[in-house]
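one predicted model, sequence on top.
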Amino acid sequence: MGVRSAILGWLQRGTPEQAKPVRRRMYEGAKFSRLTADWVTGNTSADSEVYGSAQKLRDRARQLCRDNDYARQALRAIEGNVVGQGIPFQAQVRMQRGGGRLDATINDQIELAWKRWTKARYCHTGGKLTFHDIERLVIRACAESGEVFVRVVKQSFGGSPVPLALEVLEADLLDDGLNGRSQQGNEIRMGVEVDTWGRPVAYHFLAYHPGDYQFSNQQISTQRHKRVPAEEVIHLYRTERPGQTRGVTWFASAIQRLHHLQGYEQAEVVRARASSALMGFITSPEGELQGDEVYQGERVSSFEPGVFKYLAPGESVSVPQLDAPDGQFEPFLRAMLRAMAAGVGCSYETVSRDFSQTNYSSSRLSLLEDRDHWRILQNWLIENLHQRVFEVWLDMAVLSGALPLANYEIQADRYKAVRWMPRGWAWVDPAKEVEAYASAVRNGFKTLSEVVAEQGGDIEELMQARRQELDDAEALDLKFDTDPGADVAPAGNPQPANDNVSDNPDNTDGSIA
């Protein structure tokens, strides 16, 4: 009994190594185990990752946006919600001695001159794109290719009174493989020449598009690259990591999923066609090969709806139960599209155009999430493109004499004050939203200008149009219930005047005394 007890006690206590297990403090996600053995990671910089992936990601994203319905819809959603019909502005130049009031005369001059310049023959070097077209093309290229370049050319095109035009350049024109040192001693990263602080100094563009090989014999250039100072280039891309020099397509995380989903849908369509066309096989002792063809030594059979096929003697076949499409196709498709939409930055309903799975509450929540994202992109585009182009345009307009502004040399910031008005959105239930806006204005939580701006409008244009409507209605002796001074009730009936209503209780018909 003593030996047995000693052995049991030793087994319970364990060996000295078992009694003192080695414990390490670390994150669960950083542990290496058989479940994470295939998780390959690296500590490369942002530019190293972009350098090895950007071009292939860009090419694949473009192919999907050409051929995939959902990718095209996501691209249209980004373009339509961020830019829409264009992003106008309202000049905010204030009087120096007018108590801070807006100077309507100067503001009208600036807005009119800008409107004239935004025509295609003036603002685009190629004379094909209006400024609103450039806006849409820029945001589309950023989403599809990850980046785009807008070159500011200080030259008059099409007889423009303002010597300024814009050239839109694809990401392919900046040489991804150009790295090293420039003649000025600066570092070049994927075609971008930067100083010691990482600030762009110049951009080294190719003389012609590398993918324009079909017309390469028409491109005559003595040099491969053209160095353009950074002051003339607006490089638009979303920075995702510190130190990132080039952009990556917004479809990066969804590319592989979209590719597989496209192949899966194609297989399901082919399976459904075969299932609906094939009705059965018929065997006979003699065999029958009518309708079959032999091509390069191989027999080819065609399937058509409602056709029975004959087999040769001795051949047999088992017809699979195709049942295509089955009940799992649509749920699987929705799950894949939700993940794809999350990667791109849109909601499932926006990408799929499927609203059958939503109600008012879920639709409103989805719209609010989307619109917060659209507003972020709108502000990013305004700060990096619109404001920069406007400031350069105003400088050139004043220097050329097209826009005379007094003391502009010492008060440039005063004249460059503008308020950009990106597009707004209508709500699922406009009546409730209008009531909420009216309550917010009455209680002082919002101003009329803020409410109109949120809908993509201009408060000054609204008031002027409203004043014109009231004047026209008065001139034509028309009364509407929207006129605060009109004696017309919302239902269209005359309103009783309180001071003329009879106090006689016998007057029960509501007539005017």
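Yep, that arrived.

element containing the residue nearest the centre of the chain?
Note on the chain: the residue nearest the mean C-alpha position is residue 78, at 2.5 Å, using CA atoms, centre = their mean. For residue 78, the element it lies in under DSSP states H and E is helix 69-82.

not counting its neighbours along the chain, what's nearest the residue nearest to the centre of the chain?
residue 143 (4.9 Å; CB to CB, 6 or more residues apart in numbering). Every residue, glycine included, has its C-beta placed from N, CA and C.

list the buried residues for whatever helix or strand that neighbour lives in?
Following DSSP H and E, one finds residue 143 within helix 131-145. Under the neighbour-count criterion of 16 or more other CB atoms under 10 Å, helix 131-145 has 131-145 buried.

relative to residue 459, which of these is nearest.
Minimum distance to residue 459 across the buried residues of helix 131-145 is 21.4 Å, recorded for residue 132 (CB to CB).

got the contact list for residue 435?
Applying CB atoms under 8 Å, 6 or more residues apart in numbering to residue 435 gives no contacts.

now stretch 257-270: average pLDDT?
Mean pLDDT, stretch 257-270: 86.

contacts for that stretch next, please.
With contact meaning CB under 8 Å, 6+ apart, stretch 257-270 is reached by 60, 64, 67-68, 70-71, 251, 324-325, 329, 333, 336-337, 339-340, 343.

so which of the residues you listed is the most crowded?
For these, the largest number of neighbours (other CB atoms under 10 Å) sits with residue 251, at 28 neighbours.

list the contacts for that one?
Each residue near residue 251 by CB under 8 Å, 6+ apart is listed here: 57, 61, 64, 65, 71, 74, 143, 144, 258, 343, 344.

how near is it to residue 75?
According to CB to CB, to the nearest Å, residue 251 and residue 75 sit 9 Å apart.

shared neighbours, those two?
With contacts defined as CB under 8 Å, 6+ apart, the residues adjacent to both residue 251 and residue 75 are 65, 143, 144.

need the residues you listed in CSV (columns: pLDDT).
Shown next, in CSV, are those (pLDDT from 0 to 100):
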residue, pLDDT
65, 92
143, 94
144, 94
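
from residue 32, how far out is residue 40?
For residue 40, the distance to residue 32 equals 12 Å [CB to CB].

which of the two has more neighbours?
Neighbour comparison, residue 40 and residue 32: the larger count goes to residue 32, with 9 against 6 (by other CB under 10 Å).

the more buried one looks like it's in a helix, true?
No: in this structure, residue 32 is coil, not part of a helix, as judged by DSSP: H, G, I helix; E, B strand; the rest coil.

what's it sitting at in phi/psi?
Main-chain dihedrals, residue 32, degrees, to the nearest 10: phi -100, psi 120.

same question for residue 188.
phi -110, psi 120.

same question for residue 124.
Backbone geometry at residue 124, expressed as degrees, to the nearest 10, gives phi -110, psi 130.

got a pLDDT number for it?
Looking at residue 124, its pLDDT is 96.

that one against residue 153, yeah?
No: counting by CB atoms under 8 Å, residue 124 does not reach residue 153; the two are 9.9 Å apart.

all helices for the stretch 101-250 of the chain, in order.
For the stretch 101-250 of the chain, the helices defined by DSSP state H, counting those that start in this stretch cover 104-117, 120-123, 131-145.

how about CSV for those helices, with distance to residue 386 added?
CSV is the format used below for the helices of the stretch 101-250 of the chain (distance: least, CB to CB, whole Å):
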stretch, distance to residue 386
helix 104-117, 11
helix 120-123, 12
helix 131-145, 8
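
for residue 91, find the nearest of these.
Nearest to residue 91 among those is helix 104-117; the distance by CB to CB comes to 3.8 Å.

just the angle between that closest one and helix 131-145, please?
60 degrees (axes from the mean of the first three to the mean of the last three CA atoms, to 10 degrees).

restricting to C-alpha, output helix 104-117 in CSV.
Extracted as CSV, the C-alpha positions of helix 104-117 are listed here (Å, rounded to 0.1, in the frame of the first residue of the first chain):
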residue,chain,number,x,y,z
ALA,A,104,-23.6,90.7,-53.2
THR,A,105,-22.0,92.6,-56.1
ILE,A,106,-18.6,91.0,-55.8
ASN,A,107,-19.9,87.6,-55.0
ASP,A,108,-22.1,87.7,-58.1
GLN,A,109,-19.1,88.7,-60.2
ILE,A,110,-17.0,85.8,-58.9
GLU,A,111,-19.7,83.2,-59.3
LEU,A,112,-20.6,84.4,-62.9
ALA,A,113,-16.9,84.3,-64.0
TRP,A,114,-16.5,80.8,-62.5
LYS,A,115,-19.6,79.6,-64.3
ARG,A,116,-18.3,80.8,-67.6
TRP,A,117,-14.9,79.2,-67.1
